[in-house]
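> got a sequence here, can you model it:
(one chain, ligands or ions: 1)
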Amino acid sequence: MPEPSHPEIRESVRRLCAEFPGPYWQDLDRSRTYPTAFVRTLTEAGFLSVLVPEEYGGAGLGLSAATAILEEIHRSGCNGGACHAQMYTMGTILKHGSADQKQRYLPSIASGALRLQAFGVTEPTSGTDTTRLKTFARRDGDDYVVNGQKIWISRAEHSDLMVLLVRTTPREDVAKSSDGMSVLLVDMRNAVGNGLTIRPIRTMLNHATTELFFDDLRVPAANLIGEEGKGFKYILDGMNAERILIASECIGDGRFFIDRAAAYASSREVFGRPIGENQGIQFPIARAHVQISAAAAMVDQAAAMFEAGEPCGTEANMSKMLASEASWYAADMCVQTHGGFGFAEEYDIERKFRETRLYQVAPISTNLILSHVATHVLKLPKSF
Ligand SMILES: Cc1cc2nc3c(=O)[nH]c(=O)nc-3n(C[C@H](O)[C@H](O)[C@H](O)COP(=O)(O)OP(=O)(O)OC[C@H]3O[C@@H](n4cnc5c(N)ncnc54)[C@H](O)[C@@H]3O)c2cc1C
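Numbering: from 1, shown residues only. Model (predicted):
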């Protein structure tokens, strides 16, 4: 099997994560608190700005460096969900923003002075059917006036800026349903209390996710990214990076479960011998390794295509699906291997089990990936 890429980066991430062991995450999980110290340490070490080009103060590395970082964070038992979006959300400004917007925001995002890690797409009534989103931005002089609602917007309380997808032309008035949507960069520091209300949603994992209410929020027209009406395409561009990076988190989770299960199965003795001597215990661990290795190869392929600037929507989707299913299988296997101890908070397995379940639903659910493959790749008739 090929050696993992970016060995030095991986080693430094592992060293950093060792400062944030299980009890740190268990405490935060209990109180559903944001991992501020962990995120600050990652930011100061420069790991969240690796994708920002050097001219704007980042490391200018490719996506595979970011996948290595997130995989190691997750393999270490930590969780990158609190800050992974700081790595890639800036891609919308980088790819589609004006020269002025890039100069104004990217250097501060690279230094960590500005947090751009909120990404507002999902709405309660439209769900995955994004072109039916209803949040509307009406042009009024030098501003847009935004009204509507978003749901499941993660890290909104821990972000200075948010990339927001809105309608600027009603769906009925455009030729293609994906036309007429635009991307606005919202300065959360001015917005909260002035037309934006954030309401946290408590979930089965500690993910700082929220519901947003827009009530005549004024956003300067200067904060429009790219052209009005083309926003859907800009958002889709960024989603490929997101899916590949989330897939790498699943690979990290899967390896965490396999490491823990193999170690436990070798040391836990029942009936006078290590449980790992039983093939009923060994084989599921081996199967998890096979599945994670196959998914990791797909993630590497998708990341390489992304870095080469090739279209990689299908590969990004496929890698996210395979990795999220493989990490879930590994999670279940790890609980089973640990018997009762799999349920004990102090082992971190039940927490990681809850955390890795998310990725079959978000950022895109498995059925929607299968639908993409069925209709776009295999040319089966469309069902919607
Ligand atoms: C913890 C968390 C954090 C999140 N963070 C963010 C964020 O930061 N920003 C953001 O914009 N969104 C975020 N999301 C939203 C996430 O992307 C959506 O939940 C996800 O895309 C699924 O959309 P939905 O919940 O509206 O499900 P729905 O679209 O309502 O679908 C429900 C189920 O039905 C299935 N389904 C729907 N239509 C079909 C069909 N035609 N055929 C077959 N099956 C179908 C889906 O696959 C899914 O399993 C987050 C969600 C969670 C839970």
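> residues from the stretch 201-350 of the chain in reach of the ligand?
By the rule C-beta under 6 Å from any ligand atom, the part of the stretch 201-350 of the chain lying against the ligand is 203, 207, 209. Just so you know, the C-beta spots here come from the backbone N, C-alpha and C atoms, and that holds for glycine as well.
> the residue of the stretch 1-150 of the chain found nearest the ligand in helix, strand or coil?
Relative to the ligand, the nearest point of the stretch 1-150 of the chain is Gly127 (2.8 Å; C-beta to the nearest ligand atom). Secondary structure, DSSP: H, G, I helix; E, B strand; the rest coil: Gly127 is coil.
> could I get the residues of the stretch 201-350 of the chain next to the ligand as a markdown table with neighbour count?
What follows is these, written out as a markdown table (neighbours: other C-beta atoms under 10 Å):
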| residue | neighbour count |
| --- | --- |
| Thr203 | 14 |
| His207 | 21 |
| Thr209 | 20 |
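> just checking, what packs against the helix or strand containing Leu165?
Assigned by DSSP states H and E, Leu165 belongs to strand 161-167. Packing partners of strand 161-167 (3 or more C-beta pairs under 8 Å, 6 or more residues apart in numbering; DSSP states H and E): strand 116-120, strand 136-140, strand 143-154, strand 181-187, helix 231-267.
> show me where this structure has helices.
Using DSSP state H, the helices of the chain run over 7-18, 22-31, 36-44, 63-75, 84-88, 91-96, 99-111, 188-191, 231-267, 279-307, 313-338, 349-357, 366-372.
> out of those helices, nearest to Val146?
Of all these, helix 188-191 sits nearest to Val146, with 8.9 Å by C-beta to C-beta.
> follow-up on the earlier one: out of the helices and strands packed on strand 161-167, which is the most enclosed?
For the helices and strands packed on strand 161-167, ranked by mean neighbour count under the definition mean count of other C-beta atoms under 10 Å, the leader is strand 116-120 at a mean of 26.
> ok now it, how far from the chain's centre?
11 Å (C-alpha atoms, centre = their mean, to the nearest Å).
> give me the contacts around it.
Residues from elsewhere that reach strand 116-120, judged by C-beta atoms under 8 Å, 6 or more residues apart in numbering: 83-86, 89-90, 93, 105, 109, 135, 150, 153-156, 158-165, 186, 188, 212, 238, 242.
> one more: stretch 132-141?
120-121, 123, 125-126, 144-150, 164-168, 170-171, 177, 181-182, 184, 214, 218-219, 221.
> that stretch close to the ligand?
No: Stretch 132-141 does not reach the ligand (C-beta under 6 Å from any ligand atom); its nearest approach is 9.6 Å.
> tell me the one of the residues of the stretch 201-350 of the chain next to the ligand nearest Ala295?
For those, the nearest to Ala295 is His207 (22.1 Å; C-beta to C-beta).
> who's in contact with the most centrally placed residue in the chain?
Nearest to the mean C-alpha position of the chain, by C-alpha atoms, centre = their mean, lies Ile246 at 4.8 Å. If you count contacts by C-beta under 8 Å, 6+ apart, Ile246 has them with 84, 320, 323-324, 359, 363.
> and the pLDDT at Pro2?
If you check Pro2, the pLDDT there is 79.
> and the residue nearest to it when sequence neighbours are not counted, what pLDDT?
Excluding the flanking residues, the one nearest Pro2 by C-beta to C-beta, 6 or more residues apart in numbering is Asp300, at 8.0 Å. If you check Asp300, the pLDDT there is 98.
> quick one on the thing from earlier: any chance of the helices and strands packed on strand 161-167 in JSON lines with mean pLDDT as columns?
Putting the helices and strands packed on strand 161-167 into JSON lines (pLDDT from 0 to 100) gives the following:
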{"stretch": "strand 116-120", "mean pLDDT": "98"}
{"stretch": "strand 136-140", "mean pLDDT": "98"}
{"stretch": "strand 143-154", "mean pLDDT": "98"}
{"stretch": "strand 181-187", "mean pLDDT": "98"}
{"stretch": "helix 231-267", "mean pLDDT": "97"}
